[in-house]
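>>> Generate a structure from the sequence data that follows.
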Amino acid sequence: MKQQKKLTGFYKNKERCLTRLLAALMLFAAASNVYAQPSRPKGIIEDGQHFSEVFRENRHFRLILPADYHRHPERRYPVIYYFHGNAGRYNGPAEGEVSRSGEARYYDEFNGNYERTGPDSLDNFVSYVADNDLIIAKWDGYVPAQYPRPYDIAPVKEDRQFADYFPEFVKYIDAHYRTKPTRESRAVSGLSMGGFMSMLIASKYPHLLSSASFFCPSASFTVGPKALQIFMPFKEMGRNFVGLPIRMHLGSKDFLRQHDQEIDDAYKTLELNYESWHYGIGYFRGFHNAVNIKGQFDFHMKYFRMPLPRPEKWHHIDVYPNFSVWNYDIRTDRKMPGFTVLDNVRQEGFSIQTKQWLPDGPAVPNLNVQISTDSSYTPNTGFELINLDVQTRKIERKRVISDSKGRIQYQGTGQHSNIGLYRAGDPGHITMASYSLDKRMPGVGDIVLLSPLLFNKGGAAVDSVRIELIAQDEEVEVLDPAITIGKMAQAGLFEKTGFRIRSRHAELDQAKLKLMVSYNGKKDQFLLEVPFYSPEKTLTKFEIADGRNVNLEVENQTRVGEGNGNGIANPGEWISIFTKSDLDSLHDFGLQLFTEDPYVDMDSRKMLFLARADWSGAQRLTSQVKIKPDCPDGHEISFYGIYEYPKTGNTRRDSHGAHSFIHETKRVSFKVKVKK
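Just a heads-up that it's a prediction; the model follows:
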């Protein structure tokens, strides 16, 4: 019996061993079968070139096509237009080369080198196209005068306008490849300088795109026509993206993070379809790269499937003298750098103004503006055009006739104007034309009265209007409830009442608020950006540049100001103010200046744009102001000033050699004594 039990146990153990052996053999066979299978299909890489009428030369490009693109000629695909970064090209870095911009991170084919492409073999373009019905088109930002800096920006040297080239490139790709040639099936994306180009193209051509995304973008650069190039800060241009979904990736140790964080903070307070993704050391150590391509491009695929309609109301800022957007054509005779700003554009009218810089520059003087609206009006029909000069509150009326295509022509100046368009019998239309403050330079804790300027630019009176002011961020407080206004006559203005607001934080430069306007069963909203001036300390050590040299980070010894150069403010001189950084005693840092003093001509102030030594494309804004000739001897001018300086970061140098920077903003008060 014992022997039988031993034999039974033996056979059971043998059976277990055989079972385990068979299982192992099956796993081995399965694994062998997997490896014996053909490799997963990849996207097809095709390089090409075409002749560009814009550049008058052949331009290269790379396409990544679905693996079965050539086997299914009946299929059409959406397109993501991708823009490379600094030191990149359309075909990526050469084999074995490490791009300074992280270009290798999204190299089209994974080569297994962590330093070049990271640990995820599927986080690249070819793999993404293998899993999605999509075409990726990569243009070439190469310009010989500046390479490895692409796109001929910061500064513009050859006047090669890639913003003009983009529609031509799209037209060529649509004509020669099986794309879905519509706005709903087109998107843009890019890394670093290419991320900036993605912002530029998306902000300029929202009518051509369904979405846009940015990997660690440069937040600002000098762009535009060579003779009119100007510093373009995208943190001040968020409303260009109303109606266009956008997404941004930010790395925790990216050297551009602080600039991108400013955009992120600003865009979250606007009424945008915006999302951001912050990545840390778990994704390529948090440095400056294109990571999580799947997450970024899935965002585009979502809006290819569910595109948003054209916005009923839109806004636009443009650095070019002439441009077209949403089928509106704008032509100016501008001969100096500046911005054209269109706000609250809709069927009932629009607002237009110009600025010499963003966000608070004066208007461009002596300008003629011509606007041709879209073709949404009844053709060959008479309309009433009502024009409010916002500064003077003067109203003019004019009879206009739409053309055979249903477009209406407007002629004006660069001064702030609000235009209404209506026919007899049309209802009233209330807009917020502007706002005023009872205190010109409010600071933290000050209670200031904000009075909206309401304008009825429709065709009839409105019996009752309700307005409500809502804070868009927690750093500003609205102290009053909604207000109901009585009847507003046709062409009527109203600014007799307002809302008390208060800043809660000394670092608040601009309070973001939303005014809700309700009448006749309609509701409209208007976004406001209210400046606050809250010094954190008194500046005691500074220099007055009145025609004397200062030592700058990049430009080195540079003469600034207009005067006798003795470092003393005299009547009639143009002056700038410079100070040292707590951490940098070798260079001078200029201030943006603000004052309520009657002996400073703030309406004619100028702005200098001085380079930063952080490779970001950002610039240091430095004011030049004129002391009026009749300023009394010994008069003290109280200034509020803002300046930025680099602060040493606590992150080590990354594998691409780009140091991680952060910067700090100082908000100060000080006094300048004028001597004759």
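>>> Report the buried residues of stretch 50-63.
Within stretch 50-63, the residues scored as buried using 16 or more other C-beta atoms under 10 Å are 52, 54-55, 59, 61-63. (Each C-beta comes from the backbone N, C-alpha and C, glycine too.)
>>> Provide a list of residues in contact with the most centrally placed residue in the chain.
Centroid check for the chain by C-alpha atoms, centre = their mean gives residue 234 as the closest residue, at 3.2 Å. For residue 234, the contact set (C-beta atoms under 8 Å, 6 or more residues apart in numbering) comprises 196, 199, 203, 217, 219-220, 263.
>>> quick one: the strands in the stretch 151-300 of the chain?
186-190, 211-215, 220-223, 230-233, 246-251, 274-279 (DSSP state E, counting those that start in this stretch).
>>> my bad, should have said the stretch 551-676 of the chain
Under DSSP E, counting those that start in this stretch, the stretch 551-676 of the chain gives strands at 556-560, 574-579, 589-590, 592-594, 606-611, 619-626, 636-647, 662-673.
>>> Check the stretch 401-550 of the chain too.
Using DSSP E, counting those that start in this stretch, strands in the stretch 401-550 of the chain cover 409-412, 417-422, 430-437, 447-456, 465-471, 476-478, 483-485, 493-494, 499-503, 510-519, 522-531, 537-538, 543-545, 548-552.
>>> Can I get the ones you listed in a markdown table including mean neighbour count and mean pLDDT?
As requested, the strands of the stretch 401-550 of the chain are exported to a markdown table (neighbours: other C-beta atoms under 10 Å; pLDDT from 0 to 100):
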| stretch | mean neighbour count | mean pLDDT |
| --- | --- | --- |
| strand 409-412 | 16 | 98 |
| strand 417-422 | 23 | 98 |
| strand 430-437 | 20 | 98 |
| strand 447-456 | 20 | 98 |
| strand 465-471 | 18 | 98 |
| strand 476-478 | 17 | 97 |
| strand 483-485 | 14 | 97 |
| strand 493-494 | 17 | 98 |
| strand 499-503 | 20 | 97 |
| strand 510-519 | 20 | 97 |
| strand 522-531 | 16 | 96 |
| strand 537-538 | 10 | 95 |
| strand 543-545 | 21 | 98 |
| strand 548-552 | 17 | 97 |
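>>> Can you redo those strands as TSV, where the extra columns are distance to residue 139?
Below are the strands of the stretch 401-550 of the chain laid out as TSV (distance: least, C-beta to C-beta, whole Å):
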stretch	distance to residue 139
strand 409-412	35
strand 417-422	37
strand 430-437	40
strand 447-456	44
strand 465-471	42
strand 476-478	42
strand 483-485	52
strand 493-494	49
strand 499-503	44
strand 510-519	35
strand 522-531	33
strand 537-538	48
strand 543-545	42
strand 548-552	34
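>>> of all the ones you listed, which lies closest to residue 267?
For residue 267, the closest of the strands of the stretch 401-550 of the chain is strand 510-519, at 10.3 Å, according to C-beta to C-beta.
>>> Can you name every helix or strand that the closest one contacts?
If you count contacts as 3 or more C-beta pairs under 8 Å, 6 or more residues apart in numbering; DSSP states H and E, strand 510-519 packs onto strand 430-437, strand 447-456, strand 465-471, strand 476-478, strand 499-503, strand 522-531.
>>> Neighbouring strands - and their directions - for that strand?
If you go by DSSP bridges, strand 510-519 pairs up with strand 465-471 (antiparallel), strand 522-531 (antiparallel).
>>> still on that earlier bit, which one of the strands of the stretch 551-676 of the chain lies nearest to residue 280?
Comparing the strands of the stretch 551-676 of the chain under C-beta to C-beta, the one sitting nearest is strand 662-673, at 15.8 Å.
>>> helices and strands around that closest one, which ones?
In this structure, strand 662-673 packs against helix 257-267, strand 537-538, strand 574-579, strand 636-647, with contacts taken as 3+ C-beta pairs under 8 Å, 6+ apart.
>>> repeat that for 7 Å
Applying 3 or more C-beta pairs under 7 Å, 6 or more residues apart in numbering; DSSP states H and E, one finds that strand 662-673 contacts strand 537-538, strand 636-647.
>>> and the angle from it to strand 636-647?
160 degrees (axes from the mean of the first three to the mean of the last three C-alpha atoms, to 10 degrees).
>>> how far out from the middle of the chain is strand 662-673?
26 Å (C-alpha atoms, centre = their mean, to the nearest Å).
>>> So for stretch 279-289, what gets flagged as buried?
Quick answer for stretch 279-289 (16+ other C-beta under 10 Å): 279, 283-289.
>>> Reformat the residues you listed as TSV; add pLDDT.
What follows is the buried residues of stretch 279-289, written out as TSV (pLDDT from 0 to 100):
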residue	pLDDT
279	90
283	78
284	75
285	75
286	80
287	80
288	83
289	83
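>>> now, among those, which is nearest to residue 394?
Minimum separation from residue 394 among the buried residues of stretch 279-289 (C-beta to C-beta) is found for residue 288, which lies at 51.4 Å.
>>> Nearest residue to the closest one in space, please, no chain neighbours.
Excluding the flanking residues, the one nearest residue 288 by C-beta to C-beta, 6 or more residues apart in numbering is residue 254, at 4.5 Å.
>>> and that neighbour, how many residues sit next to it?
27 (other C-beta atoms under 10 Å).
>>> Ok, the one 10 residues further on next?
Using other C-beta under 10 Å, residue 264 is surrounded by 18 other residues.
>>> cool, and residue 498?
19.
>>> Burial check on residue 243, number of neighbours?
Residue 243, neighbours per other C-beta under 10 Å, totals 18.
>>> check contacts around the closest residue to residue 253 other than its chain neighbours.
Once flanking residues are discounted, residue 253 sits nearest to residue 286: 4.0 Å by C-beta to C-beta, 6+ apart. Each residue near residue 286 by C-beta atoms under 7 Å, 6 or more residues apart in numbering is listed here: 251-254, 279-280.
>>> biggest separation within these, which pair?
Top of the distance list for the contacts of residue 286 (C-beta to C-beta): 254 and 280, 10.6 Å.
>>> give me the element the nearest residue to residue 324 once chain neighbours are set aside is part of.
Excluding the flanking residues, the one nearest residue 324 by C-beta to C-beta, 6+ apart is residue 330, at 7.2 Å. Secondary structure from DSSP states H and E places residue 330 in strand 328-332.
>>> Next SSE downstream of the lowest-mean-pLDDT helix or strand in the chain?
One helix or strand of the chain scores below all others by mean pLDDT, DSSP states H and E: helix 2-36, with a mean of 42. Going down the chain from helix 2-36, the next helix or strand is strand 44-52, by DSSP H and E.
>>> Direction included, what does that next one pair against?
strand 57-65 (antiparallel).
>>> partner strands of the following helix or strand past the partner strand, parallel or antiparallel?
The C-terminal neighbour of strand 57-65 among helices and strands, as given by DSSP H and E, is strand 79-83. Applying DSSP bridges to the sheet, strand 79-83 is found paired with strand 135-139 (parallel), strand 186-190 (parallel).
>>> Now the first one: average pLDDT?
The average pLDDT for strand 135-139 rounds to 97.
>>> what's the offset of it from the middle of its chain?
The answer for strand 135-139 is 22 Å, by C-alpha atoms, centre = their mean.
>>> Likewise for stretch 282-299?
With C-alpha atoms, centre = their mean, you get 20 Å for stretch 282-299.
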